[in-house]
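Undergrad: show me the folded form of this:
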Amino acid sequence: MSEGGPVGGGTERTRDADRTRAEILSVATAEFADRGYAGARINEIADKLSTTKRMIYYYFGGKEQLYVAVLEQAYSRIRGLEQQVDVEHLDPVEAIRELAGLTFDHHEAHPDFIRLVSIENIHRAEHIARSEVLTRLANPALDVLGRILERGWDAGVFREDVDALDVHQVISAFCVFRTANRHTFGAIFGRDMLDPARRDHQRRLLGDLVVDFLTAH
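TA: The predicted model follows:
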């Protein structure tokens, strides 16, 4: 990685800058997830990238700004996936299962995201609260669920005493717990919640829980 800031002009400079930012964010995500905000060191990130602190500060301004950028990318990724659910052409029950399964798959595939969420809760969401990008992600998180629920209500298949945030909480709770508490749960009960042999069962269990609750009258 180059030691200085972007040089030259035009599209190539933009591509280089985007690539450099992406590389920094990738390494920084792992560093913050492994060591937490307080324990992470910009020097360590720079060393792993074979660059300097100056380069990282050039792109992000400082440690806190880099951490916020990592959070923004992590949350934006799952929000973007949720937007891809084909709400309008799926039966509402199947749409709920699809969304629950998508969240299940994402959280299993991105354990760093779970660790970052846990770390930010330790900090009482002080960094999220300062990010306009992150505070704007509340609506996308609920819009898809809201449209599914409305279609279910119109069809008379979903109970009407819950809202989108209730359902989002239930799905997130299952998916986050499964990854975040994997080691303590395994030590106490002797079961690895991420055991591939039980994956299909766990994924189906989540869908059944959400659907059974929503269709109970």
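Undergrad: okay, S26 and A33: tell me how far apart.
TA: Separation of S26 from A33 (CB to CB, to the nearest Å): 11 Å. Every C-beta, even on glycine, is put in place using the N, C-alpha and C of the backbone.
Undergrad: and the worst-scoring helix or strand of the chain on mean pLDDT, what does it pack against?
TA: Least confident helix or strand, the chain: helix 132-135 with a mean of 88, by mean pLDDT, DSSP states H and E. Where contact means 3 or more CB pairs under 8 Å, 6 or more residues apart in numbering; DSSP states H and E, helix 132-135 is packed against helix 63-82, helix 126-129.
Undergrad: what comes up buried for that helix?
TA: Under the neighbour-count criterion of 16 or more other CB atoms under 10 Å, helix 132-135 has L134 buried.
Undergrad: the helix or strand immediately after that helix in the chain: which residues count as buried?
TA: Sequence-wise, the next helix or strand downstream of helix 132-135 (DSSP states H and E) is helix 138-154. Buried positions in helix 138-154, judged by neighbour count with 16+ other CB under 10 Å: A141, L142, V144, L145, G146, R147, I148, L149, R151, G152.
Undergrad: with adjacent residues omitted, what lies nearest to I78?
TA: Among residues not flanking I78 along the chain, H106 sits closest, at 5.3 Å (CB to CB, 6 or more residues apart in numbering).
Undergrad: what of T179?
TA: Sequence neighbours aside, I114 is the residue nearest to T179 in space, at 4.5 Å (criterion: CB to CB, 6+ apart).
Undergrad: can you tell me the helix or strand for the one you found?
TA: Assigned by DSSP H and E, I114 falls in helix 111-122.
Undergrad: low-confidence ranges, this protein, go.
TA: For the chain, applying pLDDT under 70 flags the ranges 1-10.
Undergrad: for H183, find the nearest of the helices and strands packed on helix 132-135.
TA: Checking the helices and strands packed on helix 132-135 against H183 by CB to CB gives helix 63-82 as the closest, at 20.9 Å.
Undergrad: so what's the gap between the closest one and the chain middle?
TA: How far helix 63-82 lies from its chain's middle: 8 Å, per CA atoms, centre = their mean, to the nearest Å.
Undergrad: for it, buried residues please.
TA: 63, 65-75, 78-79, 82.
Undergrad: show me the domain layout of the chain.
TA: 1-61, 68-215 (automatic domain parsing).
Undergrad: related to what we said a few turns ago, for the residue nearest to I78, grab the count of nearby residues.
TA: Around H106 sit 15 other residues, with neighbours defined as other CB atoms under 10 Å.
Undergrad: and it, what does it touch?
TA: Shown in contact with H106 (CB atoms under 8 Å, 6 or more residues apart in numbering): R77, I78, L81, F113, C175.
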